[in-house]
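Peer 1: Next come a sequence and a model predicted from it.
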There are 2 protein chains.
Amino acid sequence: MKRLFTYRLCLIGFKRKGFDRVYSYTLGESAGASAEQVRKDFSIFKITGNKRGGYKIDELLSAIEDIIKHQEDQYMIIVGMGNIGRALVQYKRFKLRKMIIVASFDVDPSKQSKRWNIPVLPMEMLEDIIKKFHVKIAILAVTEISAQDVANRLFDLGIKGLLNFAPIILKTPDDVVVNNINLCDELESVIYYTQKVLE
Amino acid sequence: MKRLFTYRLCLIGFKRKGFDRVYSYTLGESAGASAEQVRKDFSIFKITGNKRGGYKIDELLSAIEDIIKHQEDQYMIIVGMGNIGRALVQYKRFKLRKMIIVASFDVDPSKQSKRWNIPVLPMEMLEDIIKKFHVKIAILAVTEISAQDVANRLFDLGIKGLLNFAPIILKTPDDVVVNNINLCDELESVIYYTQKVLE
DNA sequence: TCATGTTTGTGATATCATTCACATATAAAA
DNA sequence: TTTTATATGTGAATGATATCACAAACATGA
């Protein structure tokens, strides 16, 4: 599944370079997987190519889109307007992927201005917005101190998917999906493997 | 390896809550792994607990630190002062983990002010800084258009580890470690699994 | 001090993921 | 049209990870 996203990325790259076909070998090379891996992955999802001719990039891309599909706009909120929250609010790429941030929230009233393209609201308005836009997905970018409390509140209000930037493993109900991004750990992992490569 | 970071996170959490011991079951529960998994992981790294008494959190933590170890400060640079670059420059947590961002870079002269605690320099100064601080690790937060070019330049200047936020799979020399973070994909993956959980 | 219940540490086993190997299809060239 | 070289698609083999099952250790309470 993770690889599907990588393939898509590579395919977009190939398309930009003017190709209209790829071979499992080419794609694998660029995505960091073996050719067989690529073909197996596709066969699992019943994506089929052309013997001898490889895969047509456009067909492949739309097949992948179908699997990852959410054709409709996905409304989302961001909670926590610190460094990361602010960066994400302004991140333009979300819109291209039909991911719409309808509002952001922060406890700090001084952050509740409308300097950004998206309103920064007080926490009391969480319920209103979530109900109004039927928000199911939230981005959590608060401190680790308040992360669990805020998360609980979001779960109570019906949030079912969370992208969590707080450096803490949240306790979550079974029917909620959480994806943790810990920037320090990601960097630390780079450092670790770099040191290993350098013997 | 990935789990080691998760364990550390959980252990810090337990410590904050006042515990001084954990059991494989407790830790696994909180880290999203089975108890056996936790013990196996530890046994691989020769981390040993106390039968019946579990593991002492402090000992465990320092054992994990030893494995992930980089006791010395790690000097790093950030290239690209867009939304993400700016957020990372201000991200305070890096310092706590001995990861020091010595400078950031951007092609856009208008961004080369000293508003931040860290200087924003023109690309021409890359070599100077990398040489001066013996920088081996870089964070890439430029657009996908220029990402490959900038990356190549960094590799030429001796960068061996890269945390890449550009939505592109980079071509890299064998002795370079790259860790990709694609925010859209991370969010999309949340959406995907959330839809799945909701049947 | 001893018995007891609990938790670790780890081979054996099972599950999952990747690679191999090759039959099959087919685009392109002759 | 026929040949041929090249890719796919997929079972079988291998390798990697996770779970099971249980003996050994030892805190704790009687």
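Peer 2: That came through, no problem. What you see is a predicted model; the values in this text were computed from it and never measured.

Peer 1: Which residue ranges of chain A form strands?
Peer 2: A:21-22, A:55-56, A:74-79, A:99-105, A:120-121, A:137-140, A:161-164, A:177-180 (DSSP state E).

Peer 1: Which of those strands has the highest mean neighbour count?
Peer 2: strand A:137-140 (a mean of 26; mean count of other C-beta atoms under 10 Å in any protein chain shown). For every residue, glycine as well, the C-beta is placed using N, CA and C.

Peer 1: quick check: mean pLDDT across it?
Peer 2: The average pLDDT for strand A:137-140 rounds to 98.

Peer 1: Domains in chain A, by residue range?
Peer 2: A:2-67, A:74-185 (automatic domain parsing).

Peer 1: wait, which of those is closest to DNA strand C?
Peer 2: Ranking the domains of chain A by proximity to DNA strand C (C-beta to the nearest atom of the strand) places domain A:2-67 first, at 3.3 Å.

Peer 1: can you tell me if that closest one touches DNA strand C.
Peer 2: Yes - counting by C-beta under 7 Å from any atom of the strand, DNA strand C has neighbours in domain A:2-67: A:Ala33, A:Ser34, A:Glu36, A:Gln37, A:Lys40, A:Asn50, A:Lys51, A:Arg52, A:Gly53.

Peer 1: quick one on the thing from earlier: of the domains of chain A, which stretch is the most buried?
Peer 2: domain A:74-185 (a mean of 18).

Peer 1: Now, the residues of domain A:2-67 next to DNA strand C that are in helices?
Peer 2: The members of the residues of domain A:2-67 next to DNA strand C that map onto helices under DSSP state H are A:Glu36, A:Gln37, A:Lys40.

Peer 1: and the residue most central in space within chain A, bridged to which residues?
Peer 2: By C-alpha atoms, centre = their mean, the mean C-alpha position of chain A lies nearest to A:Leu163, the distance being 7.5 Å. Per DSSP bridges, the residues bridged to A:Leu163 are A:Ile139, A:Asn179.

Peer 1: mind checking how far it is from A:Ile78?
Peer 2: Separation of A:Leu163 from A:Ile78 (C-beta to C-beta, to the nearest Å) stands at 9 Å.

Peer 1: Identify the contacts common to the two.
Peer 2: Here A:Leu163 and A:Ile78 have A:Ala138, A:Ile139 as joint contacts, going by C-beta atoms under 8 Å, 6 or more residues apart in numbering or on different chains.

Peer 1: Out of all residues in chain A, which is the farthest from the middle?
Peer 2: Max radial position in chain A (C-alpha atoms, centre = their mean) goes to A:Arg52, at 34.8 Å.

Peer 1: what's stretch A:9-19 in contact with?
Peer 2: With C-beta under 8 Å, 6+ apart, stretch A:9-19 has contacts from A:22, A:26-27, A:30-31, A:57-58, A:60-61, A:64, B:167-169, B:182, B:185.

Peer 1: Run through the residues of chain A sitting next to DNA strand D.
Peer 2: Applying C-beta under 7 Å from any atom of the strand, we find that chain A lies next to DNA strand D at A:22-25, A:35-36, A:39-40, A:42-43, A:47-55.

Peer 1: Distance of A:Gly161 relative to A:Asn152?
Peer 2: As judged by C-beta to C-beta, A:Gly161 and A:Asn152 stand 15 Å apart.

Peer 1: now do A:Phe5
Peer 2: Taking C-beta to C-beta, one finds A:Phe5 at 30 Å from A:Asn152.

Peer 1: now swap in A:Leu4 and tell me
Peer 2: Using C-beta to C-beta, A:Leu4 is found at 32 Å from A:Asn152.

Peer 1: now swap in A:Ser30 and tell me
Peer 2: In terms of C-beta to C-beta, A:Ser30 sits 42 Å off from A:Asn152.

Peer 1: what does A:Val178 give?
Peer 2: In this view, A:Val178 and A:Asn152 are 12 Å apart by C-beta to C-beta.

Peer 1: same deal with A:Ile137?
Peer 2: A:Ile137 is 17 Å from A:Asn152, by C-beta to C-beta.

Peer 1: Kindly report the same for A:Ile191.
Peer 2: 33 Å.

Peer 1: Ok, A:Leu27 next?
Peer 2: 43 Å.

Peer 1: Tell me how many other residues surround A:Glu188.
Peer 2: Number of residues near A:Glu188 (other C-beta atoms under 10 Å in any protein chain shown) recorded here: 23.

Peer 1: pretty sure it contacts B:Lys98?
Peer 2: No - counting by C-beta atoms under 8 Å, A:Glu188 does not reach B:Lys98; the two are 9.5 Å apart.

Peer 1: shared neighbours of these two, which are they?
Peer 2: Applying C-beta under 8 Å, 6+ apart, one finds that A:Glu188 and B:Lys98 are jointly contacted by B:His70.

Peer 1: any idea where the helices of chain A begin and end?
Peer 2: Counting by DSSP H, the helices of chain A are A:2-16, A:24-31, A:35-44, A:57-68, A:83-90, A:93-96, A:126-133, A:144-156, A:183-197.

Peer 1: just checking, what packs against the fourth one?
Peer 2: Based on contacts counted as 3 or more C-beta pairs under 8 Å, 6 or more residues apart in numbering or on different chains; DSSP states H and E, the elements that helix A:57-68 packs against are helix A:2-16, strand A:21-22.

Peer 1: And for the third one?
Peer 2: Helices and strands in packing contact with helix A:35-44 are listed as helix A:2-16, helix A:24-31; criterion 3+ C-beta pairs under 8 Å, 6+ apart.

Peer 1: From the chain's centroid, how far away is the shortest one?
Peer 2: Using C-alpha atoms, centre = their mean, to the nearest Å, we find the averaged C-alpha position of helix A:24-31 to lie 23 Å away from the chain's own average C-alpha position.

Peer 1: That one relative to helix A:35-44, how many degrees between them?
Peer 2: Between helix A:24-31 and helix A:35-44, the angle comes out at 100 degrees (axes from the mean of the first three to the mean of the last three C-alpha atoms, to 10 degrees).
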